[in-house]
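Engineer: following is a predicted model, sequence given first.
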Amino acid sequence: MSDSPVLKMDKPVPVSLLDTGAQGLIGRPLNRVDGPLKVAGKATYSAEYALPDLAYGYLVQAKVGRGRITAIDTAEALAMPGVIDVVVDLDTFIRNPQQGGSKKAPTQGVEEIHYFGQAVAIVVAETFEQARDAAARVRVSCEEKEGLFDFDGRLDQAHKPKGGSTEPHVATGDVDTAIATAEVVVDAVWTTPSQNSAAMEPHASTAVWDGDALTIYGSYQMPASDKQQLAQALGLKPAKVRILSAYVGGGFGSKLGISAEAVAAAIAARKVGRPVKTVMSRQQVFDATVRRSNTHQRIRLGAGRDGRITAVAHETLCSNIDGEEYFEPAGVSTHFLYAGENRRITHDLVPMNWLLSGSMRAPGEAAGMLALEGAMDELAETLGMDPVALRKLNDPERDPLKDVPFSTRQLSRCLDEGAAAFGWADRNPTPGRRREGEWLIGHGMAASARSNQLQESQARVSIGPDGRATVETDMTDIGTGTYTVLAQIAGELLGLPTDSIDVRLGDTDLPPGAGSGGSWGASSSGSSVYLACEALRAKLAKAMDCAEDELTLKDGVAIAHNHSRPIAELVGAGISAEGTIKPGKQEKERRQASYGAHFCEVRVNAVTGEVRVKRFVSTFTAGRILNEKTARSQCIGGIVFGIGAALTEELVHDPRSGRVVNHDLAEYHVPVHADVPHLEVHFLPERDEHANPLHSKGLGELGISGAGAAIANAVYNATGVRVRDYPLTLDKLLAGLPAV
């Protein structure tokens with residue numbers, strides 16, 4: 001085997017070496033190998049690098065929602081103690097941090113203001129506090145323009161986006177005729193608000209120049225592509241940019257691309273001739289990074305009296321800055337989740353002078369399934385059917401849109417086993433009929449689905465003369481357990497315990513990985529590690545004079561033909577190999593997705609309208625589970641996101657300026673401990689040979705998909721009040737609650 005094997009997934013991989021390993025690491029709920037560093041404060045995050053001669057930057061933001069800058073007065077700021085410079089010639093790329101830079105060297109100087117809070121300058125000082133205080137004294141004069149701040153009043157101005165990873169408009173059959181002739185129809189509109197990722201770690205970058213070469217210590221989910229973006233934004237060759245992002249304190253999509261602080265820090269550092277660290281305040285994270293778009297979703301379902309769906313229409317309107325083409329793909333799971341030979345799924349954009357919208361955890365499914373699974377609940381009620389039975393009846397054998405087989409699909413089994421674990425059969429199906437004192441008791445459920453993706457990824461694995469292995473890739477760990485999972489894969493294939501494996505991540509000088517996004521991280525980077533280890537196994541087999549399938553590796557020892565030798569003896573001065581995984585025909589020839597089912601119990605106070613989630617049980621299938629503990633943690637985190645989406649999370653835009661008025665964690669309400677009950681998560685055994693050689697599938701965004709809808713459906717079961725405008729705050733319930 002080559003030292004640099006490349007596997008393109010044009011064919012399934014029926015046999016995985018993970019099933020033949022002897023180390024016994026795969027699937028086990030191992031603790032995070034980076035855990036001790038984090039709890040001891042020894043894991044260095046982006047804002048914690050102590051570099052010599054460091055200066056501090058603080059962003060200056062626009063105070064209008066739309067306009068043109070006519071002047072920036074820096075005199076007062078420059079006169080303040082400790083201020084080194086006020087840099088106003090920022091790259092216009094700052095307008096659009098998440099969507100990639102231009103292909104040419106950028107025009108310098110921000111002129112047009114597209115949203116309130118847009119970064120327009122950066123103050124550099126000796127301390128953070130000095131920079132922050134001086135930034136408040138930079139006077140930005142603007143010629144204000146009429147802004148686009150009214151989403152609901154401009155729905156008729158929506159246009160079809162030009163592109164995206166998901167086709168904006170897809171259709172098959174004759175939806176209008178099928179709905180017109182259907183015996184039962186659900187036709188309603190659901191709305192979801194703008195949301196913020198609200199990761200614990202704020203966006204931060206420290207820029208250091210060495211001649212014409214730039215190093216950025218930052219918090220990024222996808223260093224390989226972020227390096228390209230940063231190079232384009234600054235007019236540099238990619239070889240002149242290095243990104244270091246070893247530890248990321250959460251991202252949830254907001255750190256997929258580079259944000260304003262990265263470009264500003266780089267330009268400022270080059271101008272002042274010193275390293276510049278720029279850490280966004282919490283308010284700036286809300287003001288000037290990226291949001292999940294709000295949505296207006298009309299769903300129409302047509303079915304026969306027997307419950308068989310004949311027509312599905314899911315039409316979404318979402319928003320972005322005028323000229324941007326990214327859209328929230330709310331209908332992406334509607335493509336394939338349920339049967340129906342007639343279907344139309346559309347996404348259209350309403351231009352707005354609001355903060356840029358982009359990817360946030362489970363872009364598409366997180367917002368879209370809040371609507372789709374609510375519509376399915378309404379259809380079940382109209383038909384007088386159990387919601388579980390309705391979904392099972394419409395569980396298709398093939399992708400109803402593309403007419404291709406599923407790689408694996410165990411949705412019905414998830415529904416059955418989830419219902420049994422929850423005790424669904426004992427629920428009261430009549431809304432508002434179960435009560436304990438002031439509390440109305442309700443039960444709800446929803447399906448979960450998240451498309452599986454594979455991205456090109458490279459990794460290098462080496463074994464040194466001491467018998468220790470090193471895994472290297474610029475893949476990141478944003479709290480998902482990448483360090484641990486890659487150590488488990490390498491340990492299983494090379495017969496080494498995890499404490500004999502060093503994993504190096506988040507450095508663009510290493511082989512480029514897929515990055516942490518789209519739930520593809522573990523499978524993509526893990527597959528490249530798998531291929532590199534497969535090449536090393538071939539070398540070890542040759543050293544043992546045996547066939548590869550005759551070799552057993554365990555506890556640092558190679559065994560073949562009743563003979564054993566320490567691996568350290570076989571590698572001499574050391575051996576190394578690189579592996580590359582690429583997507584191929586399998587992603588088109590099979591519909592690949594992970595599935596699940598959520599069941600929950602809520603209590604709604606009949607006097608105050610307060611909603612409490614009391615119980616939550618979820619069952620998932622996502623191919624091979626690589627680490628049961630980190631996988632369960634990801635699902636729990638996703639469900640918590642779903643609780644927030646259902647009940648509390650909403651960015652509020654000032655209708656006069658588009659400004660985000662609740663731009664901190666005091667006013668943007670994410671779920672806290674008191675809001676979250678014990679969350680019970682079950683995994684069903686599965687292998688997907690069409691996905692990758694690990695037989696695993698994406699998991700990180702599966703938990704949020706459908707979770708909020710299960711809560712909304714439970715609230716309806718408790719109260720008889722159907723709310724289609726998320727979040728389900730008490731003011732939307734009070735008027736319809738039954739008398740005390």
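Structural biologist: That came through fine.
Engineer: for the longest helix seen in the chain, the averaged confidence score.
Structural biologist: The helix that spans the most residues within the chain, counting by DSSP state H, is helix 521-543. Mean per-residue pLDDT for helix 521-543: 98.
Engineer: phi and psi next, for the closest residue to residue 34 other than its chain neighbours.
Structural biologist: Closest residue to residue 34 apart from its sequence neighbours, by Cβ to Cβ, 6 or more residues apart in numbering: residue 483 at 4.5 Å. The way it works is simple: take the backbone N, C-alpha and C, and place the C-beta from them, glycine included. Torsion angles at residue 483 (phi, psi; degrees, to the nearest 10) stand at phi -50, psi -40.
Engineer: could I get the longest helix of the chain in PDB with only the CA atoms?
Structural biologist: What follows is helix 521-543, C-alpha atoms only, in PDB (Å, rounded to 0.1, in the frame of the first residue of the first chain):
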ATOM      1  CA  GLY A 521     -15.900  16.100  11.300                       C
ATOM      2  CA  ALA A 522     -15.400  12.700  13.000                       C
ATOM      3  CA  SER A 523     -16.300  10.700   9.900                       C
ATOM      4  CA  SER A 524     -14.200  12.700   7.500                       C
ATOM      5  CA  SER A 525     -11.100  13.300   9.600                       C
ATOM      6  CA  GLY A 526     -11.400   9.800  11.200                       C
ATOM      7  CA  SER A 527     -11.500   8.200   7.700                       C
ATOM      8  CA  SER A 528      -8.200   9.900   6.700                       C
ATOM      9  CA  VAL A 529      -6.700   8.700  10.000                       C
ATOM     10  CA  TYR A 530      -8.100   5.200   9.200                       C
ATOM     11  CA  LEU A 531      -6.400   5.200   5.700                       C
ATOM     12  CA  ALA A 532      -3.100   6.400   7.100                       C
ATOM     13  CA  CYS A 533      -3.200   3.700   9.800                       C
ATOM     14  CA  GLU A 534      -4.100   1.100   7.100                       C
ATOM     15  CA  ALA A 535      -0.900   2.000   5.300                       C
ATOM     16  CA  LEU A 536       1.100   1.700   8.500                       C
ATOM     17  CA  ARG A 537      -0.400  -1.700   9.100                       C
ATOM     18  CA  ALA A 538       0.800  -2.800   5.700                       C
ATOM     19  CA  LYS A 539       4.300  -1.700   6.700                       C
ATOM     20  CA  LEU A 540       4.200  -3.600  10.000                       C
ATOM     21  CA  ALA A 541       2.900  -6.700   8.200                       C
ATOM     22  CA  LYS A 542       5.800  -6.600   5.800                       C
ATOM     23  CA  ALA A 543       8.200  -6.200   8.800                       C
END
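Engineer: could you pull out the strands for the stretch 601-740 of the chain?
Structural biologist: For the stretch 601-740 of the chain, the strands defined by DSSP state E, counting those that start in this stretch cover 611-621, 679-683.
Engineer: switch the ones you listed over to a markdown table; also include distance to residue 459 and mean neighbour count.
Structural biologist: Putting the strands of the stretch 601-740 of the chain into a markdown table (distance: least, Cβ to Cβ, whole Å; neighbours: other Cβ atoms under 10 Å) gives the following:
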| stretch | distance to residue 459 | mean neighbour count |
| --- | --- | --- |
| strand 611-621 | 26 | 24 |
| strand 679-683 | 26 | 19 |
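Engineer: who wins for proximity to residue 25 among those strands?
Structural biologist: With Cβ to Cβ as the criterion, residue 25 lies closest to strand 679-683 of these, at 17.0 Å.
Engineer: show me the contacts for the closest residue in space to residue 676 that isn't next to it in sequence.
Structural biologist: Spatial nearest neighbour of residue 676, excluding adjacent residues (Cβ to Cβ, 6+ apart): residue 640 at 5.6 Å. Shown in contact with residue 640 (Cβ atoms under 8 Å, 6 or more residues apart in numbering): 671, 676, 679.
Engineer: for the residue of the chain most remote from its centre, grab phi and psi.
Structural biologist: Using Cα atoms, centre = their mean, the residue of the chain lying farthest from its centre is residue 562. It sits 48.2 Å away. Backbone torsions of residue 562, given as degrees, to the nearest 10, read phi 60, psi 30.
Engineer: same check on residue 22?
Structural biologist: Torsion angles at residue 22 (phi, psi; degrees, to the nearest 10) stand at phi -110, psi 0.
Engineer: touching, it and residue 551? I think so.
Structural biologist: No. Judged on Cβ atoms under 8 Å, residue 22 makes no contact with residue 551 at a distance of 10.1 Å.
Engineer: per-residue confidence for the residue farthest from the centre of the chain?
Structural biologist: Predicted confidence (pLDDT) for residue 562: 90.
Engineer: repeat for residue 92
Structural biologist: For residue 92, pLDDT reads 40.
Engineer: give the partner strands of the helix or strand containing residue 565 in its sheet and their orientations.
Structural biologist: Using DSSP states H and E, residue 565 sits within strand 563-566. Pairing partners of strand 563-566, with direction, according to DSSP bridges: strand 557-560 (antiparallel).
Engineer: could you say what helices and strands the helix or strand hosting residue 85 packs with?
Structural biologist: Per DSSP H and E: residue 85 is located in strand 83-87. In terms of contacts (3 or more Cβ pairs under 8 Å, 6 or more residues apart in numbering; DSSP states H and E), strand 83-87 is packed against helix 75-78, strand 119-125, helix 128-135, helix 260-272.
Engineer: try it again at 6 Å.
Structural biologist: Contacts defined by 3 or more Cβ pairs under 6 Å, 6 or more residues apart in numbering; DSSP states H and E place strand 83-87 against strand 119-125, helix 260-272.
Engineer: hey, C-alpha coordinates of stretch 51-64 in PDB?
Structural biologist: Taking Å, rounded to 0.1, in the frame of the first residue of the first chain, the C-alpha atoms of stretch 51-64 are listed here in PDB:
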ATOM      1  CA  LEU A  51       3.200  36.900  23.200                       C
ATOM      2  CA  PRO A  52       6.000  39.400  23.700                       C
ATOM      3  CA  ASP A  53       5.300  43.100  22.900                       C
ATOM      4  CA  LEU A  54       1.600  42.400  22.600                       C
ATOM      5  CA  ALA A  55      -0.900  45.200  21.900                       C
ATOM      6  CA  TYR A  56      -4.700  45.000  22.200                       C
ATOM      7  CA  GLY A  57      -7.300  45.800  19.700                       C
ATOM      8  CA  TYR A  58     -11.000  46.800  20.100                       C
ATOM      9  CA  LEU A  59     -13.500  47.100  17.300                       C
ATOM     10  CA  VAL A  60     -15.300  50.300  16.500                       C
ATOM     11  CA  GLN A  61     -18.900  49.700  15.200                       C
ATOM     12  CA  ALA A  62     -21.400  51.500  13.100                       C
ATOM     13  CA  LYS A  63     -24.300  53.100  14.900                       C
ATOM     14  CA  VAL A  64     -26.600  53.200  12.000                       C
END
